[in-house]
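Asks: fold the stuff below for me.
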Amino acid sequence: MRFQRFTGGGRDGAQISLAQPALREQQRGLHSAGRVVIGTVQGDIHDIGKTLVGTMLAANGFEVHDLGVDVSAQQIVDTVRQVDADIVGLSGLLMTGCAAIHRDATPPVQSHLSTSSVADTVNEPSLRIMTVNIAHGRGESFHQLLQDTDTTVANLDSIARLLRCSGVDIVALQEADGPSFWSGNFNHVDYLANNGAFSQSVQGMHVDGLGLAYGTALMANLALNNPKAITFDPSLSPVPKGFTVSTVSWPGSTGTDVDIVSVHLDFASKSIRRQQADELIEAVRRRGRPVIIMGDFNTGWEENSTVQHISRALSLTAYSPEEAGLETFPTFGERLDWILVSPGLSFRSYHVLPDPVSDHRSVIAEVVLEDTAKATRLD
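Replies: Purely as a prediction, here's the structure:
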(Lines give C-alpha, C1' and ligand atoms only; values in the text may rest on other atoms or scores of the structure.)
Protein backbone atom coordinates (compact mmCIF):
# COMPACT_ATOMS: atom_id res chain seq x y z
CA MET A 1 0.00 0.00 0.00
CA ARG A 2 1.51 3.31 -1.02
CA PHE A 3 0.55 6.71 0.31
CA GLN A 4 2.46 8.58 -2.35
CA ARG A 5 2.38 12.28 -1.58
CA PHE A 6 0.26 14.66 0.43
CA THR A 7 0.96 18.30 1.01
CA GLY A 8 -1.27 20.97 2.48
CA GLY A 9 -1.11 24.64 3.27
CA GLY A 10 -1.67 26.47 6.52
CA ARG A 11 -3.11 25.06 9.73
CA ASP A 12 -5.43 22.56 8.00
CA GLY A 13 -2.61 21.20 5.86
CA ALA A 14 -0.38 20.83 8.91
CA GLN A 15 -3.08 18.92 10.79
CA ILE A 16 -3.56 16.55 7.88
CA SER A 17 0.19 16.01 7.66
CA LEU A 18 0.28 15.03 11.36
CA ALA A 19 -2.16 12.21 10.68
CA GLN A 20 -0.28 10.75 7.74
CA PRO A 21 2.44 8.77 9.58
CA ALA A 22 -0.26 6.91 11.51
CA LEU A 23 -2.11 6.21 8.28
CA ARG A 24 1.03 4.84 6.65
CA GLU A 25 1.56 2.53 9.61
CA GLN A 26 -2.06 1.38 9.41
CA GLN A 27 -1.72 0.63 5.69
CA ARG A 28 1.14 -1.86 6.08
CA GLY A 29 0.04 -5.35 5.21
CA LEU A 30 -3.41 -4.32 4.00
CA HIS A 31 -4.81 -5.52 0.68
CA SER A 32 -5.26 -2.66 -1.79
CA ALA A 33 -8.86 -1.61 -2.44
CA GLY A 34 -7.79 0.01 -5.71
CA ARG A 35 -5.43 2.55 -7.26
CA VAL A 36 -6.38 6.22 -7.17
CA VAL A 37 -4.67 9.10 -8.98
CA ILE A 38 -5.59 12.53 -7.65
CA GLY A 39 -4.33 16.05 -8.23
CA THR A 40 -5.30 19.71 -8.52
CA VAL A 41 -5.60 20.74 -12.16
CA GLN A 42 -3.18 23.09 -13.91
CA GLY A 43 -3.81 26.73 -13.07
CA ASP A 44 -5.07 25.98 -9.56
CA ILE A 45 -3.13 25.56 -6.30
CA HIS A 46 -6.02 24.71 -3.94
CA ASP A 47 -5.22 21.43 -2.23
CA ILE A 48 -6.84 21.10 1.22
CA GLY A 49 -10.00 19.40 -0.09
CA LYS A 50 -7.97 17.15 -2.36
CA THR A 51 -5.68 16.21 0.49
CA LEU A 52 -8.59 15.41 2.78
CA VAL A 53 -10.11 13.13 0.15
CA GLY A 54 -6.79 11.42 -0.48
CA THR A 55 -6.21 10.93 3.24
CA MET A 56 -9.60 9.30 3.72
CA LEU A 57 -9.14 7.07 0.69
CA ALA A 58 -5.75 5.96 1.93
CA ALA A 59 -7.18 5.28 5.38
CA ASN A 60 -9.73 2.98 3.76
CA GLY A 61 -7.26 0.83 1.89
CA PHE A 62 -6.76 2.61 -1.42
CA GLU A 63 -3.36 3.08 -3.02
CA VAL A 64 -3.30 6.84 -3.54
CA HIS A 65 -1.02 8.58 -6.05
CA ASP A 66 -1.24 12.31 -5.27
CA LEU A 67 0.25 14.45 -8.04
CA GLY A 68 0.02 17.65 -6.00
CA VAL A 69 -1.19 20.99 -7.39
CA ASP A 70 -1.00 22.79 -10.74
CA VAL A 71 -0.82 19.43 -12.52
CA SER A 72 -0.79 19.36 -16.32
CA ALA A 73 -3.27 17.29 -18.29
CA GLN A 74 -0.47 15.22 -19.79
CA GLN A 75 0.96 14.37 -16.37
CA ILE A 76 -2.45 13.14 -15.24
CA VAL A 77 -2.88 10.98 -18.33
CA ASP A 78 0.65 9.58 -18.09
CA THR A 79 0.25 8.66 -14.42
CA VAL A 80 -3.15 7.03 -14.97
CA ARG A 81 -1.63 4.80 -17.62
CA GLN A 82 1.58 4.16 -15.67
CA VAL A 83 -0.12 2.93 -12.49
CA ASP A 84 -3.20 1.45 -14.23
CA ALA A 85 -5.50 3.58 -12.07
CA ASP A 86 -8.99 2.44 -11.13
CA ILE A 87 -10.14 5.91 -10.06
CA VAL A 88 -9.14 9.44 -11.09
CA GLY A 89 -9.90 12.44 -8.88
CA LEU A 90 -9.34 15.97 -10.19
CA SER A 91 -9.60 18.94 -7.87
CA GLY A 92 -10.03 22.61 -8.61
CA LEU A 93 -12.28 25.62 -8.41
CA LEU A 94 -14.08 24.76 -11.63
CA MET A 95 -15.15 28.28 -12.53
CA THR A 96 -11.54 29.44 -12.19
CA GLY A 97 -10.22 26.41 -14.01
CA CYS A 98 -12.60 26.94 -16.90
CA ALA A 99 -12.19 30.70 -17.08
CA ALA A 100 -12.46 30.65 -20.86
CA ILE A 101 -16.25 30.18 -20.61
CA HIS A 102 -18.12 32.59 -22.89
CA ARG A 103 -21.69 33.18 -21.71
CA ASP A 104 -22.94 34.36 -25.11
CA ALA A 105 -20.88 33.40 -28.15
CA THR A 106 -21.38 33.32 -31.90
CA PRO A 107 -19.70 30.10 -33.02
CA PRO A 108 -18.71 29.67 -36.66
CA VAL A 109 -20.70 27.46 -39.00
CA GLN A 110 -18.38 24.70 -40.15
CA SER A 111 -18.73 23.17 -43.61
CA HIS A 112 -18.09 19.46 -44.22
CA LEU A 113 -17.97 17.18 -47.22
CA SER A 114 -21.32 15.45 -47.63
CA THR A 115 -22.82 13.29 -50.34
CA SER A 116 -26.39 14.16 -49.41
CA SER A 117 -28.48 17.24 -48.82
CA VAL A 118 -32.00 18.07 -47.76
CA ALA A 119 -32.82 19.02 -51.33
CA ASP A 120 -32.03 15.45 -52.40
CA THR A 121 -34.16 13.74 -49.76
CA VAL A 122 -37.09 15.96 -48.74
CA ASN A 123 -40.09 16.16 -51.07
CA GLU A 124 -42.56 17.54 -48.53
CA PRO A 125 -42.41 20.00 -45.66
CA SER A 126 -41.06 17.66 -42.98
CA LEU A 127 -37.77 17.10 -41.21
CA ARG A 128 -36.16 14.00 -39.71
CA ILE A 129 -34.39 15.04 -36.52
CA MET A 130 -32.41 13.32 -33.78
CA THR A 131 -30.97 14.11 -30.37
CA VAL A 132 -28.24 12.13 -28.62
CA ASN A 133 -25.97 12.72 -25.63
CA ILE A 134 -22.70 11.25 -26.99
CA ALA A 135 -21.04 11.20 -23.54
CA HIS A 136 -17.64 12.52 -24.66
CA GLY A 137 -17.19 9.47 -26.90
CA ARG A 138 -16.95 7.01 -24.01
CA GLY A 139 -19.76 4.74 -25.17
CA GLU A 140 -21.11 2.88 -22.16
CA SER A 141 -17.80 2.77 -20.27
CA PHE A 142 -17.26 4.41 -16.88
CA HIS A 143 -15.20 7.43 -17.95
CA GLN A 144 -13.55 8.62 -21.16
CA LEU A 145 -10.22 9.30 -19.39
CA LEU A 146 -9.84 5.57 -18.70
CA GLN A 147 -9.94 4.50 -22.35
CA ASP A 148 -7.49 4.96 -25.22
CA THR A 149 -8.05 7.06 -28.33
CA ASP A 150 -8.72 4.01 -30.51
CA THR A 151 -11.66 3.09 -28.27
CA THR A 152 -13.02 6.63 -28.45
CA VAL A 153 -12.78 6.59 -32.24
CA ALA A 154 -14.53 3.20 -32.38
CA ASN A 155 -17.35 4.55 -30.23
CA LEU A 156 -17.75 7.59 -32.46
CA ASP A 157 -17.71 5.34 -35.53
CA SER A 158 -20.71 3.51 -34.06
CA ILE A 159 -22.53 6.82 -33.67
CA ALA A 160 -21.60 7.86 -37.23
CA ARG A 161 -22.99 4.59 -38.63
CA LEU A 162 -26.22 5.14 -36.73
CA LEU A 163 -26.48 8.67 -38.13
CA ARG A 164 -25.90 7.51 -41.71
CA CYS A 165 -28.43 4.70 -41.40
CA SER A 166 -31.08 6.91 -39.83
CA GLY A 167 -31.04 9.41 -42.69
CA VAL A 168 -31.73 12.36 -40.39
CA ASP A 169 -31.54 15.95 -41.56
CA ILE A 170 -30.58 17.59 -38.24
CA VAL A 171 -28.88 16.17 -35.16
CA ALA A 172 -28.57 17.76 -31.70
CA LEU A 173 -25.55 16.60 -29.69
CA GLN A 174 -24.75 16.99 -26.00
CA GLU A 175 -21.46 16.29 -24.19
CA ALA A 176 -19.82 16.88 -27.57
CA ASP A 177 -16.06 17.39 -27.26
CA GLY A 178 -13.64 19.65 -29.00
CA PRO A 179 -9.97 18.70 -28.60
CA SER A 180 -9.78 17.47 -24.98
CA PHE A 181 -7.08 15.56 -23.14
CA TRP A 182 -9.59 13.07 -21.72
CA SER A 183 -11.10 12.01 -25.05
CA GLY A 184 -8.33 11.79 -27.65
CA ASN A 185 -7.50 15.46 -28.30
CA PHE A 186 -9.56 15.77 -31.48
CA ASN A 187 -12.86 17.41 -32.35
CA HIS A 188 -15.70 14.88 -32.03
CA VAL A 189 -18.25 17.05 -33.82
CA ASP A 190 -16.04 17.47 -36.87
CA TYR A 191 -15.37 13.72 -36.86
CA LEU A 192 -19.07 12.84 -36.69
CA ALA A 193 -20.08 15.41 -39.30
CA ASN A 194 -17.47 14.14 -41.76
CA ASN A 195 -18.23 10.47 -41.13
CA GLY A 196 -21.97 10.81 -40.59
CA ALA A 197 -22.55 12.65 -43.90
CA PHE A 198 -23.52 16.13 -42.72
CA SER A 199 -22.71 19.29 -44.63
CA GLN A 200 -22.71 21.82 -41.76
CA SER A 201 -22.19 21.96 -38.01
CA VAL A 202 -22.23 24.49 -35.18
CA GLN A 203 -20.52 23.73 -31.88
CA GLY A 204 -21.03 25.61 -28.63
CA MET A 205 -18.24 25.25 -26.07
CA HIS A 206 -19.64 25.59 -22.56
CA VAL A 207 -16.27 24.55 -21.13
CA ASP A 208 -13.07 25.63 -22.87
CA GLY A 209 -9.87 25.62 -20.84
CA LEU A 210 -7.25 23.50 -19.05
CA GLY A 211 -7.15 21.02 -21.91
CA LEU A 212 -10.94 20.52 -21.93
CA ALA A 213 -13.43 21.73 -24.54
CA TYR A 214 -16.99 20.47 -24.71
CA GLY A 215 -20.63 21.48 -24.91
CA THR A 216 -23.60 21.16 -27.24
CA ALA A 217 -23.74 21.09 -31.03
CA LEU A 218 -25.91 20.86 -34.12
CA MET A 219 -25.15 19.01 -37.36
CA ALA A 220 -27.32 19.36 -40.45
CA ASN A 221 -27.78 18.96 -44.15
CA LEU A 222 -29.46 22.34 -44.25
CA ALA A 223 -27.95 25.78 -44.01
CA LEU A 224 -27.45 26.73 -40.35
CA ASN A 225 -27.95 30.47 -39.87
CA ASN A 226 -27.81 32.92 -36.94
CA PRO A 227 -25.85 30.57 -34.67
CA LYS A 228 -25.56 31.26 -30.95
CA ALA A 229 -24.01 29.34 -28.07
CA ILE A 230 -25.28 30.29 -24.62
CA THR A 231 -23.63 29.02 -21.43
CA PHE A 232 -25.92 29.17 -18.43
CA ASP A 233 -25.04 31.41 -15.50
CA PRO A 234 -21.86 29.80 -14.09
CA SER A 235 -22.80 30.81 -10.55
CA LEU A 236 -25.69 28.32 -10.65
CA SER A 237 -23.65 25.12 -10.95
CA PRO A 238 -20.00 24.03 -10.76
CA VAL A 239 -20.52 21.98 -13.94
CA PRO A 240 -21.20 24.37 -16.86
CA LYS A 241 -24.13 23.58 -19.15
CA GLY A 242 -25.85 25.48 -21.92
CA PHE A 243 -27.37 25.32 -25.39
CA THR A 244 -26.57 25.91 -29.04
CA VAL A 245 -29.16 27.34 -31.43
CA SER A 246 -29.31 27.99 -35.18
CA THR A 247 -32.02 28.95 -37.64
CA VAL A 248 -33.06 26.77 -40.58
CA SER A 249 -35.42 27.46 -43.45
CA TRP A 250 -38.11 24.80 -43.48
CA PRO A 251 -37.78 22.74 -46.69
CA GLY A 252 -40.64 23.13 -49.12
CA SER A 253 -42.08 26.19 -47.36
CA THR A 254 -40.97 29.62 -48.46
CA GLY A 255 -40.50 32.10 -45.64
CA THR A 256 -40.81 29.66 -42.73
CA ASP A 257 -37.73 29.89 -40.51
CA VAL A 258 -37.41 27.74 -37.39
CA ASP A 259 -34.85 27.81 -34.58
CA ILE A 260 -33.27 24.46 -33.71
CA VAL A 261 -31.87 24.12 -30.18
CA SER A 262 -29.55 21.54 -28.64
CA VAL A 263 -29.68 21.89 -24.85
CA HIS A 264 -28.10 20.20 -21.81
CA LEU A 265 -29.46 20.96 -18.34
CA ASP A 266 -27.95 20.32 -14.92
CA PHE A 267 -28.08 16.72 -13.70
CA ALA A 268 -28.04 17.29 -9.94
CA SER A 269 -30.54 19.97 -8.94
CA LYS A 270 -34.15 20.69 -9.89
CA SER A 271 -33.83 24.32 -8.77
CA ILE A 272 -30.73 24.83 -10.93
CA ARG A 273 -32.49 23.23 -13.92
CA ARG A 274 -35.42 25.60 -13.43
CA GLN A 275 -33.16 28.67 -13.46
CA GLN A 276 -31.31 27.36 -16.53
CA ALA A 277 -34.68 26.74 -18.20
CA ASP A 278 -35.67 30.37 -17.56
CA GLU A 279 -32.51 31.51 -19.36
CA LEU A 280 -33.40 29.24 -22.30
CA ILE A 281 -37.01 30.49 -22.39
CA GLU A 282 -35.89 34.12 -22.40
CA ALA A 283 -33.39 33.52 -25.22
CA VAL A 284 -35.96 31.68 -27.37
CA ARG A 285 -38.48 34.45 -26.87
CA ARG A 286 -35.94 37.10 -27.84
CA ARG A 287 -35.24 35.31 -31.12
CA GLY A 288 -38.99 35.30 -31.85
CA ARG A 289 -39.17 32.25 -34.12
CA PRO A 290 -40.96 28.93 -33.83
CA VAL A 291 -38.61 26.42 -32.28
CA ILE A 292 -37.64 22.78 -31.95
CA ILE A 293 -35.80 22.15 -28.66
CA MET A 294 -33.91 18.87 -28.38
CA GLY A 295 -31.52 17.52 -25.80
CA ASP A 296 -30.72 16.06 -22.42
CA PHE A 297 -33.09 17.77 -19.97
CA ASN A 298 -32.03 15.49 -17.09
CA THR A 299 -35.65 15.25 -15.95
CA GLY A 300 -38.83 13.39 -16.70
CA TRP A 301 -42.44 14.57 -17.14
CA GLU A 302 -43.38 14.56 -13.48
CA GLU A 303 -45.55 17.39 -12.19
CA ASN A 304 -43.80 20.80 -12.27
CA SER A 305 -40.69 19.29 -13.84
CA THR A 306 -38.37 21.49 -15.87
CA VAL A 307 -39.40 19.96 -19.18
CA GLN A 308 -43.04 20.74 -18.32
CA HIS A 309 -42.05 24.28 -17.33
CA ILE A 310 -40.34 24.91 -20.69
CA SER A 311 -43.21 23.36 -22.63
CA ARG A 312 -45.84 25.48 -20.89
CA ALA A 313 -43.86 28.72 -21.03
CA LEU A 314 -43.30 28.43 -24.79
CA SER A 315 -46.51 26.51 -25.69
CA LEU A 316 -44.45 23.57 -26.94
CA THR A 317 -45.59 19.99 -27.52
CA ALA A 318 -43.82 16.81 -26.43
CA TYR A 319 -44.60 13.45 -27.99
CA SER A 320 -46.78 11.28 -25.70
CA PRO A 321 -44.99 12.57 -22.59
CA GLU A 322 -46.43 9.95 -20.22
CA GLU A 323 -46.16 6.95 -22.54
CA ALA A 324 -44.18 3.96 -21.25
CA GLY A 325 -41.38 2.46 -23.32
CA LEU A 326 -39.75 5.75 -24.32
CA GLU A 327 -37.06 5.74 -21.61
CA THR A 328 -33.73 7.14 -22.81
CA PHE A 329 -31.51 6.49 -19.77
CA PRO A 330 -31.52 2.73 -19.21
CA THR A 331 -29.42 2.85 -16.04
CA PHE A 332 -32.34 4.37 -14.12
CA GLY A 333 -35.14 3.55 -16.57
CA GLU A 334 -35.95 7.23 -17.05
CA ARG A 335 -36.89 9.45 -19.98
CA LEU A 336 -34.39 12.30 -19.77
CA ASP A 337 -33.97 13.18 -23.46
CA TRP A 338 -36.78 15.11 -25.16
CA ILE A 339 -37.87 16.82 -28.37
CA LEU A 340 -40.28 19.76 -27.99
CA VAL A 341 -41.93 21.54 -30.94
CA SER A 342 -43.79 24.81 -31.46
CA PRO A 343 -47.44 25.18 -32.52
CA GLY A 344 -47.84 24.57 -36.25
CA LEU A 345 -45.40 21.64 -36.06
CA SER A 346 -46.39 18.08 -35.20
CA PHE A 347 -44.84 14.64 -34.86
CA ARG A 348 -45.39 12.17 -37.67
CA SER A 349 -43.19 9.58 -35.96
CA TYR A 350 -41.10 9.29 -32.82
CA HIS A 351 -38.77 6.49 -31.67
CA VAL A 352 -36.17 5.82 -29.01
CA LEU A 353 -33.43 3.81 -30.70
CA PRO A 354 -32.05 0.74 -28.91
CA ASP A 355 -28.46 1.18 -30.15
CA PRO A 356 -26.10 1.48 -27.12
CA VAL A 357 -23.94 4.31 -28.46
CA SER A 358 -23.65 5.92 -25.01
CA ASP A 359 -25.33 5.72 -21.60
CA HIS A 360 -28.21 7.65 -23.23
CA ARG A 361 -30.34 6.34 -26.07
CA SER A 362 -30.91 8.40 -29.20
CA VAL A 363 -34.31 9.88 -29.99
CA ILE A 364 -35.39 10.20 -33.63
CA ALA A 365 -38.51 11.89 -34.93
CA GLU A 366 -40.11 13.14 -38.11
CA VAL A 367 -41.69 16.55 -37.67
CA VAL A 368 -44.26 17.93 -40.10
CA LEU A 369 -45.16 21.53 -40.84
CA GLU A 370 -48.96 21.56 -40.57
CA ASP A 371 -49.89 25.20 -40.07
CA THR A 372 -47.65 27.74 -41.74
CA ALA A 373 -49.41 30.67 -40.09
CA LYS A 374 -48.79 29.35 -36.57
CA ALA A 375 -45.23 28.29 -37.40
CA THR A 376 -44.23 31.76 -38.54
CA ARG A 377 -44.69 33.33 -35.11
CA LEU A 378 -43.83 32.49 -31.54
CA ASP A 379 -46.93 32.80 -29.37
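Asks: ok but residue 202 is inside a helix, no?
Replies: No: counting by DSSP: H, G, I helix; E, B strand; the rest coil, residue 202 falls outside a helix, being strand.
Asks: so who does it touch?
Replies: 107, 108, 109, 110, 217, 218, 224, 227, 229, 244, 246 (CB atoms under 8 Å, 6 or more residues apart in numbering). To be clear about C-beta, it is placed using only N, CA and C from the backbone, and glycine gets the same treatment.
Asks: what does the helix or strand hosting residue 292 rub up against?
Replies: Element membership for residue 292 (DSSP states H and E) is strand 291-296. The contact list for strand 291-296 (CB under 8 Å, 6+ apart) reads 129-131, 133, 172, 174-175, 216, 243, 258-265, 280, 284, 310, 314, 316, 336-342, 345, 360, 363, 367, 378.
Asks: so who does residue 334 touch?
Replies: With CB under 8 Å, 6+ apart, residue 334 has these contacts: 300, 327, 328.
Asks: can you report how many residues lie near the second one?
Replies: Right, the one you point to is residue 327. Number of residues near residue 327 (other CB atoms under 10 Å) recorded here: 16.
Asks: the first one too?
Replies: Residue 300 has 19 neighbours, counted by other CB under 10 Å.
Asks: residue 49 touches residue 91, doesn't it?
Replies: Yes: contact criterion CB atoms under 8 Å: residue 49 and residue 91 qualify, at 6.1 Å.
Asks: please say which of the two ends up with more neighbours.
Replies: The neighbour count for residue 49 versus residue 91, taken as other CB under 10 Å, is higher for residue 91 (21 against 14).
Asks: ok, what's across the strand from that one?
Replies: For residue 91, the beta-bridge partners are residue 40 (DSSP bridges).
Asks: now it: how far from residue 48?
Replies: Residue 91 is 9 Å from residue 48, where distance means CB to CB, to the nearest Å.
Asks: please apply the same query to residue 107.
Replies: Noted for residue 107: a distance of 37 Å to residue 48, by CB to CB.
Asks: show me the strands in the stretch 101-250 of the chain, by range?
Replies: With DSSP state E, counting those that start in this stretch as the criterion, the stretch 101-250 of the chain has strands at 104-105, 109-111, 126-133, 170-177, 200-209, 212-220, 225-231, 242-249.
Asks: about what we covered before: quick one: which of the contacts of strand 291-296 sit in helices?
Replies: Residues from these lying in helices, with DSSP state H as the criterion: 280, 284, 310, 314.
Asks: make CSV from those residues and add pLDDT, distance to residue 183 and neighbour count to it.
Replies: Putting these into CSV (pLDDT from 0 to 100; distance: CB to CB, whole Å; neighbours: other CB atoms under 10 Å) gives the following:
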residue, pLDDT, distance to residue 183, neighbour count
280, 97, 26, 24
284, 97, 30, 23
310, 97, 29, 26
314, 97, 33, 20
